[in-house]
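Chemist: generate coordinates for the sequence data below:
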Amino acid sequence: MVDNTKNENDFTRKPKLQNFRHKTAYLRDGGGNGGLRHQETLEWHLSLDVCRYFDDSVLDVTIEELTGFLKDSRTGQAFLEDDLQKDLNIEFDRQISVSQYYPEQNLITLNPNHPKMVLVVNLIRELRRSWQHVRGNLVNPLNYQPDEAILLNRAQHADATMMYVRIAWELKLNGNNTLWDHLLATSNSDIARGFEMRARSDFRSLNNGDASRAAY
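Modeler: Reported below is the predicted structural model:
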């Protein structure tokens, strides 16, 4: 019989962050082939020059269809008609994995090789990032210490997630269940159901934030 008692402390031992902090500080200050300041060494697709979309086939869905779908939601319409985002461009690009927001170019790109509802979800996420950026709230987690960066990154993802859950619920209230049914079939179904339970019990929770807080 194997004795595993000597490994019990492995489950309670705190991670050592000192080496991690030292390494990230080294990279942030320019160490290692340009460090974190040279973004293209981290993610080549962040270079807009190599991500131009070539229209080599007929698309199954258009940008107009995606934005038109969102306009039936009050929140979605607010994103699309926001005065600070009026110059925002949305394009298709097959060279990225899913989606990308380029703050300097004021551009959102989507990979069209995905189902329509997946594209809608990713468009909402990037619209939220753009909304945060033009208001000075889209900060780079890499500018912080590792433990703070992890927390900040999770908060940004949670914020974007709640946006498409909220928009899906508003569309459902308007009689369009397509996006909501899609969310219930994803890994975020527990968040969507928590949001729904609170929103059904008190309609005011949709606007005062209680439904969003209940989802988490």
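
Chemist: how is this protein divided into domains?
Modeler: Taking automatic domain parsing as the reference, the chain has its domains at 43-115, 139-216.

Chemist: sketch out the low-pLDDT regions of this protein for me.
Modeler: Applying pLDDT under 70 to the chain flags the ranges 1-16, 27-59.

Chemist: where do the helices sit along it?
Modeler: Using DSSP state H, the helices of the chain run over 18-28, 63-70, 74-80, 116-134, 146-173, 178-184, 189-201, 205-208, 210-215.

Chemist: tell me which of the ones you listed is the most buried.
Modeler: helix 116-134 (a mean of 21; mean count of other CB atoms under 10 Å). Quick note: C-beta positions are derived from backbone N, CA and C, even for glycine.

Chemist: check the offset of that helix from the chain's centre.
Modeler: 7 Å (CA atoms, centre = their mean, to the nearest Å).

Chemist: try stretch 122-138
Modeler: 9 Å.

Chemist: for residue 86, phi and psi?
Modeler: phi -70, psi -20 (degrees, to the nearest 10).

Chemist: and residue 23, which of the domains of the chain is closest to it?
Modeler: domain 139-216 (9.0 Å; CB to CB).

Chemist: need the contact list for residue 163.
Modeler: 75, 124-125, 127-128 (CB atoms under 8 Å, 6 or more residues apart in numbering).

Chemist: just put the helices of the chain in TSV and tack on distance to residue 88.
Modeler: Converted to TSV, the helices of the chain look like this (distance: least, CB to CB, whole Å):
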stretch	distance to residue 88
helix 18-28	29
helix 63-70	11
helix 74-80	9
helix 116-134	6
helix 146-173	15
helix 178-184	21
helix 189-201	27
helix 205-208	25
helix 210-215	24
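
Chemist: quick one: which of those helices is nearest residue 87?
Modeler: Comparing the helices of the chain under CB to CB, the one sitting nearest is helix 116-134, at 9.8 Å.

Chemist: excluding its backbone neighbours, what's nearest residue 107?
Modeler: Excluding its sequence neighbours, the residue lying closest to residue 107 (CB to CB, 6 or more residues apart in numbering) is residue 89, at 4.9 Å.

Chemist: pretty sure residue 75 contacts residue 168?
Modeler: No - taking CB atoms under 8 Å as the definition, residue 75 is not a contact partner of residue 168, at 10.0 Å.

Chemist: distance from stretch 94-102 to the middle of the chain?
Modeler: 12 Å.

Chemist: may I see the buried residues of it?
Modeler: 94, 96, 99-102 (16 or more other CB atoms under 10 Å).

Chemist: farthest pair within these?
Modeler: 94 and 101 (17.0 Å).

Chemist: on that earlier part again, ok, so of the buried residues of stretch 94-102, who is nearest residue 116?
Modeler: Taking CB to CB as the measure, residue 116 lies nearest residue 99 of the buried residues of stretch 94-102, at 13.7 Å.

Chemist: could you check how far the closest one is from residue 63?
Modeler: 12 Å (CB to CB, to the nearest Å).

Chemist: want to throw the domains of the chain into CSV with distance to residue 23?
Modeler: Putting the domains of the chain into CSV (distance: least, CB to CB, whole Å) gives the following:
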stretch, distance to residue 23
domain 43-115, 18
domain 139-216, 9
